[in-house]
Every structure is written in structure tokens, then in C-alpha cells.
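> What would the 3D arrangement of this be:
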Amino acid sequence: MGFVQSIRVCFSKYVVFSGRATRSEYWWFVLFVILCSIVFSILDQAIFGTDPETGESTNILNAGFQLAVLLPMLAAGWRRLHDTGRPGWYLLLPMALGVATMVALLSGVAVFSVLEGGVDDPDALRGPAAFLGLTGMIVVWGLQLVLSVMMIWWLTRPSQEGDNAYGPPVA
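The predicted structure follows:
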């Protein structure tokens, strides 16, 4: 499957999470998304400029494009994992870890805030809080790295020969 055909297939299967997607279908579409993101970032910079105080550019066009391709990218990755014989929901593992991390961090902040109110010396809690927070972030960083490498590995694997639990191979 070529570059243009891959883009057509992925947009025609905008929210199709069943079936299979070949390596070329998925990776050509990923290249399309990366190239368009670069172009839209340049256009954002040229049209909207940068904020003089922060030096950051406005990402209106690129953000709109990213929002528009979110579902097709997710669907194509989901089908790509099906093609390798894995469940598509594995694609959500890195995101689920990120959400769990945010919940844990916010819970930790809330717990230590409550504990500070009930202790004579609140400064005594700052060391343990910092240690737990830093240790947790290091562990999560390691897990996120492992999950990301594993996801790239799965998405680059060859198609499973013949029919699998997710349907016949894509011709």
C-alpha cells in the first residue's frame, strides 16, 4: 500500500476499530500526520507569530489538525495491533498509565495537604513527600519508557499469517 492510498484508507475508516491494518497502511499514515503537523506548525508560526513575552507560538491550526486525526490514528493503530494478533486496547496502555499517574500525584498532594494541617511541624512532611513524589515519578517514567518501546515493537511486527481472531488479512 502506498502513501496516498494509506491516507485514503485511514480516513475512509475514520472510526473503524474492527479488522486489520497492514504495516504500510499504518506507518504511511503516521508519516502523513507527522509531515502535516510540521507544515501546520510552520503555518501557525507564519500566520499567528509568537507571543513576545513567552516566545511561544500559537498552535491553532496544528491543534485543529491533531484533533481531526486523533480518531483515525487511534483506529489505525487499533487495527494494526489486530493485524499482529494483539488486542487493540493495548494501544491505550501508555495513556492509561499517564492518567493513573495524574490521579496518584493529585491524590498525594491532597493527602499531604490534609496531613500538614494535623501536624505540629508541617516542614517535617516535605522530605517524605518529595521522596515519595520523586520515587513515584522515576518508577512511572521507567514504566512509560517500557510501554512505549513495547508499543513501537508491536506496531512494527509483521502481519500474522492467515486469518486470526480479528479477521482475514488485508489484501
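> Spatially central residue for the chain, please.
To find the centre residue of the chain, average its C-alpha atoms and take the closest one (CA atoms, centre = their mean): that gives Met95, at 5.9 Å.
> secondary structure element for that one?
Element membership for Met95 (DSSP states H and E) is helix 93-117.
> what about that helix, average pLDDT?
The predicted model assigns helix 93-117 a mean pLDDT of 87.
> List the buried residues for it?
Within helix 93-117, the residues that qualify as buried are Pro94, Leu97, Thr101, Phe112, counting by 16 or more other CB atoms under 10 Å. The C-beta positions use only the backbone N, C-alpha and C, and glycine is treated the same way.
> Surely the second one and Trp141 touch.
Spelled out, that is Leu97. No - using CB atoms under 8 Å, Leu97 is not in contact with Trp141; the gap is 10.3 Å.
> just to revisit the earlier point, which is the next helix or strand following the helix holding Met95?
helix 126-155.
> and that next one, what does it pack onto?
Counting contacts by 3 or more CB pairs under 8 Å, 6 or more residues apart in numbering; DSSP states H and E, helix 126-155 is packed against helix 60-83, helix 93-117.
> the inter-axis angle of it versus helix 93-117?
Taking axes from the mean of the first three to the mean of the last three CA atoms, to 10 degrees, one finds helix 126-155 and helix 93-117 inclined to each other by 170 degrees.
> Just the angle for helix 126-155 relative to helix 60-83, thanks.
For the pair helix 126-155 and helix 60-83, the angle between their directions (the same axes, to 10 degrees) equals 60 degrees.
> the bottom helix or strand of the protein by mean pLDDT?
Comparing helices and strands within the chain by mean pLDDT, DSSP states H and E singles out helix 93-117 as the least confident, with a mean of 87.
> So what touches that helix?
The set of residues that contact helix 93-117 without belonging to it, under CB atoms under 8 Å, 6 or more residues apart in numbering, is Pro122, Leu125, Ala129, Leu132, Gly133, Gly136, Val140, Leu143, Gln144, Leu147, Ser148, Met151.
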